[in-house]
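*Asks:* Okay, here's the prediction I keep looking at, along with the sequence it came from:
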Protein chains: 2
Amino acid sequence: MKKIIATYLPILMVSPFLFLNSCTDSTKAPVKNAEQDSDQKDLQKVVYPSDVIPFFNYWNLILGDGSNVGPAIDFEQKDFFYTAKDDKTNWVVFKTPNAGNTHGSSNNTRTELAQLKKWSPMIEDKLTATLKVKNVSATGDARVAASYSVVVGQIHSADGHENEPLKIFYKKFPGHTKGSVFWHYEINTAGDDNSGRWDYSYAVWGNDFSVVGATPESYPPEPKEGIALGEEFSYEIHVKDGIMNLTFTSPGHDTRTFSKNLIKSEYTTRADIPEQTKKLFFPIGQDGVERPNAYADEGLFFKLGCYNQTNGKSPEVNRNWCSGAETHGGNIQKQYADGNYAEVWFKKGDILISKDAISNEGYFKLNDHYDKNKK
Amino acid sequence: MKKIIATYLPILMVSPFLFLNSCTDSTKAPVKNAEQDSDQKDLQKVVYPSDVIPFFNYWNLILGDGSNVGPAIDFEQKDFFYTAKDDKTNWVVFKTPNAGNTHGSSNNTRTELAQLKKWSPMIEDKLTATLKVKNVSATGDARVAASYSVVVGQIHSADGHENEPLKIFYKKFPGHTKGSVFWHYEINTAGDDNSGRWDYSYAVWGNDFSVVGATPESYPPEPKEGIALGEEFSYEIHVKDGIMNLTFTSPGHDTRTFSKNLIKSEYTTRADIPEQTKKLFFPIGQDGVERPNAYADEGLFFKLGCYNQTNGKSPEVNRNWCSGAETHGGNIQKQYADGNYAEVWFKKGDILISKDAISNEGYFKLNDHYDKNKK
């Protein structure tokens, strides 16, 4: 086995996006927030997210309006990405409405970091984060598994179908105090047609994705061992030698660990498909199988932030992923006013990147609405 | 895919063991308990386990002294197997000390049912049970993962290495109120040498097997979402088309579901082996890989009861499985007097057996101390 010497990237990357931003007609410093800068009563220095968590140079930041702002150094944007203080702790706030412009082919809005490098699952990479979810959508069809949920961390493939071997969810039904944390493995669908793809959902605390309401507005029982809004938890994602190891911790809750092979599929034949999938995805024709070597041939990268899973599309489009939630025609402030948004606060984050990781530029080229040549 | 018509076995099996038992010089009815029968003050009919759960005709009963008593119809044995009433509910009690005679090649004593039939993982079989654990061993080396634990349900292979694709554990450290429920998958070791075998442990409520004490008498933190002694929980084991689906429920706890392929290995190369295994089993040289088709070629059968995982062997023999617990030289009453035993109460059990299941006699022939020809 090849010996891997993993290392923290030593160089602060300076993104061309930062300079391009200065071509706008703003008279302010290019990436600072105008409102804060002009507030003369408050002479305190603005606390930028990059002051709270010093790792934004490893990521592009995608905002809830679909834009890619590049690495978020000394940057904030009051609708989507800023800091907040809670007792003595500074947090980085990621916020996004139920509807807005989206990124790539997704139906869902996000304020989310996407790693600048990608790496083979055979080499070692690691992401840790400590967060609390402050809000999930107030509306949505309770029968739709994605309703009232937000993804707070991912491994995404940059290649092939661009599927996701890991999504970490938080979900809380309206009226409940406690919500659930669960994580998903999406199959890397065999063949060129990705329409048969499906996720398998593993409960961490509370229930998995498949526990839904019987009617659009009736909810299953509240999870007993769930996590409340505002309650801290941490995840560690450690990929090495093709195995993804996950550790979830939270004060007052039991630690949960999981291990999943990313380079050898469990689901290469129809007979391998679990009952959960038959229940959730077979009725909508998503009954694909996975390529035998799963994600072995693809470049993977981390995402972290607030990827809202509740959207305004009709459940008739996809009864697992389309929530039919309130979007006020895409008006962000109206959605924020009545709870139709997701909001996640992070206080810590660390990323370990193998020296063998390579540029992820191809992914951004394919998926960004951001146009580098726009003046 | 072959269509399987699963059916509850309609015929009450009459075991030859019952009649052989009558060859002893007891003057009482062959399988009734002598003490109860002679107690003239109590004219109430004895409530046998088979009156509480009407499914003992599908199993042999192995007792804590290593004996196979056959199907336990109208049978009780006050040391190991009897009924108890709790408020309005009758329960079947399975009890076994830390040391006694064991069954087959195991180090551990058990009072446990072993299914009379075996079946391919490709056909449909199902076991459900509702139970509470009343006691686990009071002593044992806290560094040993098996200490203070009991297995309450299993799938066992009757063939090959006779390994165990499923063991459902309850474990509680001394002084803790809450214990953990976890389940294990044991690899079906590739090749003829089974010495490299290992278990992978999945937490259900509380912690998994790998959470141990730092010293022989220091304990990890009490699980926050664990199950107390005397607290009811249920399991459902459903095998179909090569997939094992598990559902765990308990009032006041979140339902947990798992899915595991029994006919296609996740662990065919050394690189596939998860971190948990490297931590627990590599240090003792148990670093085997699994045959690619896992348990596909073997006959499997259920076990249910009280399979004590705490024994008196030195941790130097095996630091995961040998507890160094108190055994009072094998004296059962002394072990019962100071808590060195495991005790599990069941109130419900159901078994669904495919019509294609076949006799499991070969397994019992190999593993029984019970001698059919003894007069």
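*Replies:* Yep, that arrived.
*Asks:* Now stretch A:249-264: average pLDDT?
*Replies:* For stretch A:249-264, mean pLDDT rounds to 96.
*Asks:* My error: substitute stretch A:294-308 in the last question.
*Replies:* Averaged over stretch A:294-308, pLDDT sits at 97.
*Asks:* can you check stretch A:212-229 too?
*Replies:* 96.
*Asks:* Residues in contact with that stretch: which ones?
*Replies:* By CB atoms under 8 Å, 6 or more residues apart in numbering or on different chains, the surrounding residues in contact with stretch A:212-229 are A:132-136, A:141-145, A:147, A:170, A:172-181, A:205-207, A:211, A:233, A:250, A:253, A:315, A:324, B:205, B:224-225, B:252-254. C-beta coordinates here come from the backbone N, C-alpha and C atoms, glycine included.
*Asks:* Among those residues, name the buried ones.
*Replies:* Using 16 or more other CB atoms under 10 Å in any protein chain shown as the burial test, the contacts of stretch A:212-229 include A:132-136, A:141-145, A:147, A:170, A:172-174, A:176, A:178-181, A:205-207, A:211, A:233, A:250, A:253, A:315, A:324, B:205, B:224-225, B:253-254 as buried.
*Asks:* In helices, which of the residues you listed fall?
*Replies:* Within the buried ones among the contacts of stretch A:212-229, no residue falls in helices by DSSP state H.
*Asks:* Would you mind naming what in the stretch 251-375 of chain A lies close to chain B?
*Replies:* A:252-257, A:259, A:261, A:264, A:266, A:268, A:271-276 (CB under 8 Å from any CB of the partner chain).
*Asks:* Just the buried ones from those residues, in PyMOL syntax?
*Replies:* The following PyMOL line selects those of these that are buried, judged by 16+ other CB under 10 Å:
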select buried, chain A and resi 253+254+255+256+257+259+261+264+266+268+271+272+273+274+275+276
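*Asks:* Grab the nearest non-local neighbour of residue A:171.
*Replies:* Distances taken as CB to CB, 6 or more residues apart in numbering or on different chains place residue A:149 nearest to residue A:171, at 3.6 Å, with adjacent residues excluded.
*Asks:* Would you mind listing where the stretch 51-200 of chain A has pLDDT under the threshold?
*Replies:* Applying pLDDT under 70 to the stretch 51-200 of chain A picks out residues A:102-105.
*Asks:* Can you list the residue ranges for helices in the stretch 151-300 of chain A?
*Replies:* A:275-280 (DSSP state H, counting those that start in this stretch).
*Asks:* And the pLDDT at the residue nearest to residue A:314 when sequence neighbours are not counted?
*Replies:* Spatial nearest neighbour of residue A:314, excluding adjacent residues (CB to CB, 6+ apart): residue A:324 at 5.3 Å. For residue A:324, the pLDDT comes out at 93.
*Asks:* who's in contact with residue A:324?
*Replies:* Residue A:324 neighbours (CB under 8 Å, 6+ apart): A:140, A:141, A:144, A:216, A:312, A:313, A:314, A:315.
*Asks:* Counting neighbours, what do you get for residue A:154?
*Replies:* Residues lying near residue A:154 (other CB atoms under 10 Å in any protein chain shown) number 28.
*Asks:* Confirm for me that it is in contact with residue A:306.
*Replies:* No - when contacts are counted by CB atoms under 8 Å, residue A:154 is not listed as touching residue A:306 (11.5 Å).
*Asks:* residue boundaries of the strands in the stretch 251-375 of chain A?
*Replies:* A:253-261, A:300-308, A:341-354, A:358-359 (DSSP state E, counting those that start in this stretch).
*Asks:* and residue A:100, what is it in contact with?
*Replies:* Contacts for residue A:100 (CB under 8 Å, 6+ apart) come out as A:64, A:65, A:66, A:109, A:330, A:332.
*Asks:* oh, I was asking about residue A:238
*Replies:* A:124, A:125, A:126, A:244, A:245, A:246, A:247, B:275.
*Asks:* Name the nearest of those residues relative to residue A:195.
*Replies:* residue A:244 (24.9 Å; CB to CB).
*Asks:* Let me know how buried the closest one is, in neighbour terms.
*Replies:* Residue A:244 has 24 neighbours, counted by other CB under 10 Å.
*Asks:* Once you drop chain neighbours, what's closest to it?
*Replies:* Closest to residue A:244 by CB to CB, 6+ apart is residue A:260, at 4.8 Å.
*Asks:* Give me the neighbour count for the one you found.
*Replies:* 20.
*Asks:* quick one, what contacts it?
*Replies:* Counting by CB under 8 Å, 6+ apart, residue A:260 makes contact with A:165, A:185, A:243, A:244, A:246.
*Asks:* wait, what's in contact with the nearest residue to the second one once chain neighbours are set aside?
*Replies:* What that stands for is residue A:185. Closest residue to residue A:185 apart from its sequence neighbours, by CB to CB, 6+ apart: residue A:200 at 5.1 Å. Residue A:200 makes contact with A:184, A:185, A:187, A:274, A:276, A:277, B:259, according to CB under 8 Å, 6+ apart.
*Asks:* Spatially nearest residue to the last one (excluding sequence neighbours)?
*Replies:* Using CB to CB, 6+ apart and skipping residues adjacent in sequence, the residue nearest residue B:259 is residue A:274, 3.7 Å away.
*Asks:* Likewise for the third one?
*Replies:* The spatially closest residue to residue A:187, leaving aside those adjacent along the chain, is residue A:290, at 4.0 Å (CB to CB, 6+ apart).
*Asks:* hang on, isn't that neighbour packed against residue A:265?
*Replies:* Yes - counting by CB under 8 Å, residue A:265 is a contact partner of residue A:290 at 4.1 Å.
*Asks:* Mutual contacts of the two, please.
*Replies:* Common contacts of residue A:290 and residue A:265, defined by CB under 8 Å, 6+ apart, comprise A:187, A:188.
*Asks:* the more surrounded of those two?
*Replies:* residue A:290 (25 against 22).
*Asks:* got the angle between the helix or strand where residue A:128 lies and strand A:300-308?
*Replies:* Using DSSP states H and E, residue A:128 sits within strand A:125-135. Relative orientation of strand A:125-135 versus strand A:300-308 (axes from the mean of the first three to the mean of the last three CA atoms, to 10 degrees): 0 degrees.
*Asks:* rewinding a little: in the sheet, who's paired with the residue nearest to residue A:187?
*Replies:* residue A:189 (DSSP bridges).
*Asks:* How about the contacts made by it?
*Replies:* By CB under 8 Å, 6+ apart, the contact list for residue A:290 reads A:187, A:188, A:189, A:190, A:265, A:266, A:267, A:268.
*Asks:* closest to residue B:349 among the residues you listed?
*Replies:* Checking these against residue B:349 by CB to CB gives residue A:266 as the nearest, at 30.0 Å.
*Asks:* Wait, that closest one touches residue A:273, no?
*Replies:* No - assessed by CB under 8 Å, residue A:266 is found out of contact with residue A:273, at 9.5 Å.
*Asks:* list the buried ones in stretch A:343-360?
*Replies:* A:343-349, A:351, A:353-354, A:356-357, A:360.
*Asks:* ignore the last one, stretch A:278-294
*Replies:* For stretch A:278-294, the neighbour count (16+ other CB under 10 Å) marks A:280, A:281, A:286, A:287, A:288, A:289, A:290, A:291, A:293, A:294 as buried.
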